[in-house]
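> Return a 3D structure for these sequence lines:
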Amino acid sequence: MVRTVVFDVGETLIDETRIWTRWAGRLGVPALTFLGVLGACAALDRPHRHAFDLVRPGLDVDAEIARWADDDPDGLRENFDADDLYPDVREGLAALHDAGLAVVIAGNQPPQARAALEAMDLPVDAIRTSDEWGVQKPDPGFFAKVAELSGVPAAEIAYVGDRLDNDVLPAADAGMRPILIRRGPWGHLHAERPEAARATVVDSLLELPALLA
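Model (predicted):
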């Protein structure tokens, strides 16, 4: 029986379209080009930062983020806010809470992401990021932290994410119930792979309350 549902962030709760479109503008390339290259990275199992190498070879991404902050200190830049939530997020999380399940957000995110998520006043019990834990998915240590935070056995935790490599497979290996949401480049591609058989595949967070009842 699942008692805690834990959610990834990017392309699980947050639609990253605006983030990547702003990056395209920052780099001076057409949005379609940058988004297409990003999708190619997903298809080829390359890290998303490889997209930057392809459109701007030699770019120091961290230095560019710092310059961007100087140029536009009040803008969202590479960050997100409540306008980037997928439409089913608030209702889906609230329905899980109403069903008596604990709801947690824990994903690979930089330090500012926690404050951004907390500002959204979502119906969740806890929010954590890989940055504050000092360990990133798919490292087993990340999922050990998830279990520790949840306070229940791994078998009673469902982990919801959009990727096989970062979410489904390591969560399953940790003894959790993996759920793959089919959205975003990785979600649509990974749902078609044989390894997706290790997970339950959903198209909306609104499917979860009945699924986990």
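> roughly how far apart are Asp60 and Phe52?
As judged by C-beta to C-beta, to the nearest Å, Asp60 and Phe52 stand 9 Å apart. Yep, even glycine has a C-beta here, placed from its N, CA and C like the rest.
> Kindly report the same for Ala95.
38 Å.
> for Pro30, same thing?
15 Å.
> Also Thr17?
In terms of C-beta to C-beta, Thr17 sits 17 Å off from Phe52.
> Mind checking which of these two has more residues around it?
Neighbour count, other C-beta atoms under 10 Å: between Thr17 and Phe52, Phe52 has more, with 21 against 13.
> what's the closest residue to Ala102 other than its chain neighbours sitting at in phi/psi?
Leaving aside its sequence neighbours, Ala102 sits nearest to Thr4 (C-beta to C-beta, 6 or more residues apart in numbering; 4.2 Å). Per-residue torsions, Thr4: phi -130, psi 130 (degrees, to the nearest 10).
> Show the contacting residues for Thr4.
Thr4 is in contact with Leu101, Ala102, Val103, Val104, Ser150, Gly151, Val152, Glu156, Ile157, Ala158, counting by C-beta atoms under 8 Å, 6 or more residues apart in numbering.
> which pair in those residues spans the largest distance?
The two members of these with the most space between them (C-beta to C-beta) are Gly151 and Ala158, at 14.8 Å.
> Looking at these two, which one has more neighbours?
For Gly151 versus Ala158, the count of surrounding residues by other C-beta under 10 Å is larger for Ala158: 21 against 12.
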